[in-house]
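1. output the structure for:
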Amino acid sequence: MATGTKVSELRELNNEELVAKLREAKEELFRLRFQSATGQLENNSRLKAVRKDIARIYTLMRERELGIEASVETVESA
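-> Take a look at the predicted model:
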């Protein structure tokens, strides 16, 4: 099973590192889609994991933009 990046790991990054991580994830998603279209993709669950990583990064960037701070205890207990 393909696992994505944990939110706690993303929260430790600064904004520039988040943008770099987002760029890497989008490039990986492009490569995975290309492999899927040509029939070379072996791990289909990786597509879903990368899409979720991208959504997590966008969510974290939006939280920072709005000034919303979620405590680690609240996130981990949910």
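2. nearest spatial neighbour of the residue nearest in space to the middle of the chain, skipping sequence neighbours?
-> Geometric centre of the chain, nearest residue: D53, 1.7 Å, by Cα atoms, centre = their mean. If the residues on either side of it in the chain are set aside, D53 comes closest to G4, at 4.5 Å by Cβ to Cβ, 6 or more residues apart in numbering. Just so you know, the C-beta spots here come from the backbone N, C-alpha and C atoms, and that holds for glycine as well.
3. any idea whether that neighbour is helix, strand or coil?
-> Reducing the assignment to helix, strand or coil with DSSP: H, G, I helix; E, B strand; the rest coil, the entry for G4 is coil.
4. just checking, it touches I54?
-> No - G4 is beyond contact range of I54, at 9.4 Å (criterion: Cβ atoms under 8 Å).
5. can you classify the residue nearest to the centre of the chain as helix, strand or coil?
-> Quick answer, by three-state DSSP: D53 is helix.
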